[in-house]
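Participant: With the sequence up front, the predicted model follows.
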Amino acid sequence: MSDPADQATVVPPAPAPAEARARAVRGRAKPARARSRQARVVLRKVDPWSVLKISFVFYLCMMVVILGALMILYGILGAMGVLDTTTEFLVDLGFGDDFEIHGNWLFSRGLAIGLALVVLWTLINVFIVFLYNLLSDVVGGIEVTLSERR
């Protein structure tokens with residue numbers, strides 16, 4: 001028989017403090033977030049033709065929405081009798097005995113003014129793009145950070 005003192009007991013080494021902390025953290029760790037890619041881009045030039053097309057369509061749609069809302073409002077006011085009351089009030093103020101509010105006249109002028117404003121604001125946007133393109137040569141443009149989530 002061998003002497004028990006001759007048998008070596010193998011004891012695993014105690015974990016280093018860093019390893020113990022890492023194990024403890026792994027046991028209760030939150031799931032890792034998905035990393036996102038990021039890219040820094042400098043916007044130096046904007047195409048005036050693209051701005052012209054987008055601005056024109058945007059302002060044209062806005063004009064149609066506003067004129068449509070005004071037509072609905074005109075119809076509601078006419079059905080409630082507000083237009084007749086307003087006409088009588090204006091006749092009493094001295095606008096003439098034959099004074100009337102004509103919807104066709106109002107909306108044809110509204111359409112003309114709306115189209116003029118569409119062209120005006122579209123040209124203002126294109127002018128601003130030309131100014132931006134000139135100034136971006138001096139100051140370097142606008143820096144944008146794009147990120148992608150996974």
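Facilitator: Here it is on my side, so go on. Residues are numbered from 1 along each chain as shown.

Participant: contacts, neighbours, all on C-alpha from now
Facilitator: Noted.

Participant: For the residue most central in space within the chain, give its distance to Ser108.
Facilitator: Nearest to the mean C-alpha position of the chain, counting by C-alpha atoms, centre = their mean, stands Phe58 at 13.3 Å. Distance from Phe58 to Ser108, counting by C-alpha to C-alpha, to the nearest Å: 21 Å.

Participant: quick one: low-confidence ranges for this protein?
Facilitator: Along the chain, the model assigns pLDDT under 70 to residues 1-35, 150.

Participant: longest helix in it, by residue count?
Facilitator: helix 103-139 (DSSP state H).

Participant: For that one, name the packing helices and strands.
Facilitator: In terms of contacts (3 or more C-alpha pairs under 8 Å, 6 or more residues apart in numbering; DSSP states H and E), helix 103-139 is packed against helix 48-80.

Participant: and the helix it packs on, which residues are buried?
Facilitator: Buried positions in helix 48-80, judged by neighbour count with 16 or more other C-alpha atoms under 10 Å: Pro48, Val51, Leu52, Ser55, Phe56, Tyr59, Leu60, Met63, Leu67, Tyr74.

Participant: Stretch 140-150 now?
Facilitator: Gly141.

Participant: Restricting the selection to alpha carbons, write it to PDB.
Facilitator: In PDB, the C-alpha atoms belonging to stretch 140-150 read as follows (Å, rounded to 0.1, in the frame of the first residue of the first chain):
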ATOM      1  CA  GLY A 140     -16.500  72.600 -46.900                       C
ATOM      2  CA  GLY A 141     -20.200  71.600 -46.900                       C
ATOM      3  CA  ILE A 142     -22.300  69.800 -44.300                       C
ATOM      4  CA  GLU A 143     -21.000  66.800 -42.500                       C
ATOM      5  CA  VAL A 144     -23.500  64.000 -42.000                       C
ATOM      6  CA  THR A 145     -23.000  60.800 -40.000                       C
ATOM      7  CA  LEU A 146     -24.900  57.900 -41.500                       C
ATOM      8  CA  SER A 147     -25.500  54.800 -39.400                       C
ATOM      9  CA  GLU A 148     -26.900  51.400 -40.100                       C
ATOM     10  CA  ARG A 149     -28.500  49.200 -37.400                       C
ATOM     11  CA  ARG A 150     -28.200  45.500 -37.600                       C
END
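
Participant: That'll do, ta.
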